Each structure stands twice: as C-alpha cells, then as structure tokens.
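Peer 1: Here is a sequence together with a model predicted from it:
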Amino acid sequence: MLNTAVKASNYLRFAPEKLEDLEDFVREFFESLPSVPIVCISLLEGDYANLIGETLLLPSFVPAWMLLSRLNGVGQPISMLLPVDCIPEEVQFKSVEEWQCPWGYSVVDNVAPVFKQLLKENFLSSTMTNTSADAKINNINWWSQRSSLNDCLNKFLKSMEDSWLGPWACLLLGELSDVDSVSKMVKELINELELHCEVEANVSLLTAILGGSKSIADAEACISQFLLYKGYFGRGACCGKERLRVFSTACTKKISIPENVYKVIVEMVDQVAEPADREPVILVLDSDVQHTISGSCNLSLQSWFCTIILP
C-alpha cells in the first residue's frame, strides 16, 4: 500500500509556494511532456461561457465554448476557444418507453439533445425480444431501425464536426510520418507570413494546419482565422458575423492571403493524399466529451458486432 502511494505521489504536481518560481514550474511541466501530441478537449458552459463573454466585453450569444489544446514536449503549445452552438434535431423519434440515462446532466444535453435520444433508441432496439412466430419480420424491422440509427448518428457527428470544429478538425489529427516535407513547407509559410503579414507564427499551429487540413479551402480558412484572431480563437460553421458579436468587428475585415502563402498551402495540401501515414495522438477529454465519444462508439460498434454474429 505504501509503495502504491509513493508511486502515485510521483505523478502529482504541486504548485510552487512562491510566485517567482511559477515560470520554472510551468517550463518543467512542458519539458516533461512526451513528444506525442496530447489533444485536450473541454466543453465550457454557464458561468465559464459568461466569463468568456465578459472578458471579451461582449456577450457570446452561444450556449457553450470548446477549449481545444494541443501540447507536446518539443513544440509550442496550442490553446484555442471555439464557439459551440446547438445541433438541430432533424429527426423525431417515436418511442415512448422509459430509459434511464447513465449520467444525470451534461453540457452535451444542452447543445446536442438529439445525442441522448439516439442512445435511448439504441438501448431500446438492443433489448427487443422476438417470438418464433414473428422472428423473421422482427429481424427485418430491427435491421431497418439499426440502419436508420446509424444514418442519424453519422449525420449528427458530421453536423457536430462541421458546426463546432469546422476547418480546425486538423488539430485532432496526428502528425504526418513524413516530417521533413512538412517542416520545409512550414518554414516557407512562416517566412511568407512574417514578410507580408507581420505576424508572429506558431510553428506547432501552422504544422497542424498544413499537415492536417482536408482541403485547400480548409487550410485557407485556418490561415485567415489565424491572421484575424492570432491563434486564440477559431470558428466552425456555427459562427458568423450575424450570429456572434464577439467576432463581428473581425469578421467585417477582409483578410487577403498573399499569393505566395496561397501557393505554399496548395502545394502542401496536394502532397497529402489521404489516408496518410500519421503518428498517434493522446486524447484527454473532460467528462462531458467522454459521454459523447463513448456513446457514439458503443452505438456504432454494436451494429458492427451484430452484423458479424447475427444470421
């Protein structure tokens, strides 16, 4: 027991007693991180969302914010806030049976209420019982319901990614295994940005953009937002100047990406042919995000598993 307690204490981090020691404490923390990127995702609502709006001196007009961080022991940290709007309920389910949710309440229930309904339908369909007389008909109905649930889940996840992350989904991907080509392009991009835009570039952020963007349009959107918000804020499809006064001033500006910067973007995106070989990432999720991830995996895997074992 004592050995276990000693081992556990080695993983604890205690804040320094003196303020002048804080800089060394923070530096040692980042130096102790692994070289593998650690992606941290938290959903902030209520007082946290209000505090963000008050800090910006403008109301946020969104129910929640996503705090997305990307850290490792060898590069600059990335920490970005993205607005989270409600995912519309496009499908109405007909079941009226009772179902006990495995958690009480989370921010996901507020911004994505359809997700809990999907889990309910998944649970009810998995507990259906058949009699020998109507087994064939029930099996047909069951597969039809499973297919419909999978379609709804795919649409929900696609809407969530487009709305909340938008082009910044690149921050969730591992780094390309071919690091040399990416490093060369990032150096060119930094030179062009410093020459034409006079910005201080975050190497880690630009590496993630060039190496992870799915299209030229996504990479261009990320670079434009980087120039607008200096890497502190991002926008998915849910955020526009007519929706968020937080960004209204910035959104009215027309950011023109220099031609040489655009050429680097096009050249790099064209080189990355998906599926590309990528290094792993470590995901650190808060409890609200864990509910969404685990529930989505369970729903999808159950259908896949049943495909294997059922006649």
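Peer 2: Ah, there it is. Numbering: from 1, shown residues only.
Peer 1: Would you confirm that residue 39 contacts residue 289?
Peer 2: No. Using Cβ atoms under 8 Å, residue 39 is not in contact with residue 289, being 10.8 Å away. (Glycine included, C-beta is placed from N, CA and C.)
Peer 1: Could you give the backbone dihedrals for the residue lying closest to residue 89 once chain neighbours are set aside?
Peer 2: Nearest residue to residue 89, sequence neighbours excluded (Cβ to Cβ, 6 or more residues apart in numbering): residue 114, at 4.6 Å. Residue 114 adopts backbone torsions of phi -60, psi -20, taken as degrees, to the nearest 10.
Peer 1: Residue 114 and residue 153, how far apart?
Peer 2: According to Cβ to Cβ, to the nearest Å, residue 114 and residue 153 sit 10 Å apart.
Peer 1: I figured the residue nearest to residue 89 hits residue 156, correct?
Peer 2: Yes. If you go by Cβ under 8 Å, residue 114 and residue 156 touch, sitting 5.9 Å apart.
Peer 1: Return every residue with contacts to both of those two.
Peer 2: The contact sets of residue 114 and residue 156 overlap at residue 87 (Cβ atoms under 8 Å, 6 or more residues apart in numbering).
Peer 1: ok, so what distance separates the residue nearest to residue 89 from residue 62?
Peer 2: According to Cβ to Cβ, residue 114 and residue 62 sit 18 Å apart.
Peer 1: quick one: low-confidence ranges for the stretch 151-300 of the chain?
Peer 2: Filtered on pLDDT under 70, the stretch 151-300 of the chain yields the residue ranges 240-255, 273-274, 291-300.
Peer 1: And the pLDDT for residue 128?
Peer 2: At residue 128, the model reports a pLDDT of 63.
Peer 1: where do the helices sit along this structure?
Peer 2: Using DSSP state H, the helices found in the chain span residues 2-9, 22-31, 47-55, 107-111, 113-126, 135-160, 179-196, 203-212, 216-229, 248-251, 259-271, 287-309.
Peer 1: Mind checking those for the one nearest to residue 170?
Peer 2: Proximity to residue 170 (Cβ to Cβ) singles out helix 203-212 among the helices of the chain, at 3.1 Å.
Peer 1: Tell me which residues of the closest one come out buried.
Peer 2: Buried residues in helix 203-212, counting neighbours by 16 or more other Cβ atoms under 10 Å, are found at 204, 205, 206, 207, 208, 209, 210, 211, 212.
Peer 1: Out of those, which is nearest to residue 184?
Peer 2: Comparing the buried residues of helix 203-212 against residue 184 with Cβ to Cβ places residue 210 closest, at 10.2 Å.
Peer 1: I figured the closest one hits residue 186, correct?
Peer 2: Yes. Judged on Cβ under 8 Å, residue 210 makes contact with residue 186 at a distance of 6.0 Å.
Peer 1: Residue 76: neighbour count?
Peer 2: By the criterion of other Cβ atoms under 10 Å, residue 76 has 16 neighbours.
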